[in-house]
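J.: 3D, please:
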Amino acid sequence: QVHVVESGGGLVQAGGSLRLSCAASGRDFDGYSMAWFREPPRKDREMVAVIDWSGTRTDYADSVKGRFTVFKPSAGNTMYLQMNNLKPEDTAVYYCAVDRSFPHLVGGFPGIDYWGEGTLVTVSA
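T.: The predicted model follows:
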């Protein structure tokens, strides 16, 4: 049975930092890409950052470029999101997603293979 588990969310003041973790288990994920999505209050879910299996190819939403960094050990099932200079508009539930297609994750298209349950990040002004 596949498990995708996020951790690291919490409450932080604007300008602060947090690091989120995602661990995937339960099958062979060789070749799969991983991504972070977020769902702010009363808004649609949006892609935040995507990383390929090797950890060498990444993509980011414009709103987080220069502040967030996605990384993972090469060929591993764990992914991290380092979030710096957090803003109140970064407040959201952050979800980890795993899929065989890097472009599929970048586009946020329906039918992504696996999702985590999410972790809440709250940034106070």
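
J.: tell me the contacts of Gly16?
T.: Contacts for Gly16 (C-beta atoms under 8 Å, 6 or more residues apart in numbering) come out as Leu86, Val123. C-beta here means a position set from N, CA and C on the backbone, and glycine is covered the same way.

J.: typed the wrong thing, it's Leu86
T.: By C-beta under 8 Å, 6+ apart, Leu86 lies in contact with Val12, Ala14, Gly15, Gly16, Ser17, Leu18, Arg67, Val121, Val123.

J.: Just give the closest residue to it, not the sequence neighbours.
T.: Spatially, and ignoring its direct neighbours in sequence, Leu86 is nearest to Val123 (4.6 Å; C-beta to C-beta, 6 or more residues apart in numbering).

J.: So which bits of stretch 87-106 are buried?
T.: By 16 or more other C-beta atoms under 10 Å, the buried positions in stretch 87-106 come out as 90-99, 102, 104-106.

J.: With distance to Thr78 added, can I get these in TSV?
T.: Formatted as TSV, those follow (distance: C-beta to C-beta, whole Å):
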residue	distance to Thr78
Asp90	22
Thr91	25
Ala92	21
Val93	20
Tyr94	15
Tyr95	16
Cys96	10
Ala97	14
Val98	11
Asp99	16
Phe102	18
His104	21
Leu105	17
Val106	20
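
J.: could you dump the residues you listed to JSON lines with secondary structure and distance to Ile51?
T.: What follows is the buried residues of stretch 87-106, written out as JSON lines (DSSP: H, G, I helix; E, B strand; the rest coil; distance: C-beta to C-beta, whole Å):
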{"residue": "Asp90", "secondary structure": "helix", "distance to Ile51": "19"}
{"residue": "Thr91", "secondary structure": "coil", "distance to Ile51": "23"}
{"residue": "Ala92", "secondary structure": "strand", "distance to Ile51": "19"}
{"residue": "Val93", "secondary structure": "strand", "distance to Ile51": "20"}
{"residue": "Tyr94", "secondary structure": "strand", "distance to Ile51": "15"}
{"residue": "Tyr95", "secondary structure": "strand", "distance to Ile51": "15"}
{"residue": "Cys96", "secondary structure": "strand", "distance to Ile51": "11"}
{"residue": "Ala97", "secondary structure": "strand", "distance to Ile51": "11"}
{"residue": "Val98", "secondary structure": "strand", "distance to Ile51": "11"}
{"residue": "Asp99", "secondary structure": "strand", "distance to Ile51": "12"}
{"residue": "Phe102", "secondary structure": "helix", "distance to Ile51": "8"}
{"residue": "His104", "secondary structure": "helix", "distance to Ile51": "14"}
{"residue": "Leu105", "secondary structure": "helix", "distance to Ile51": "9"}
{"residue": "Val106", "secondary structure": "helix", "distance to Ile51": "11"}
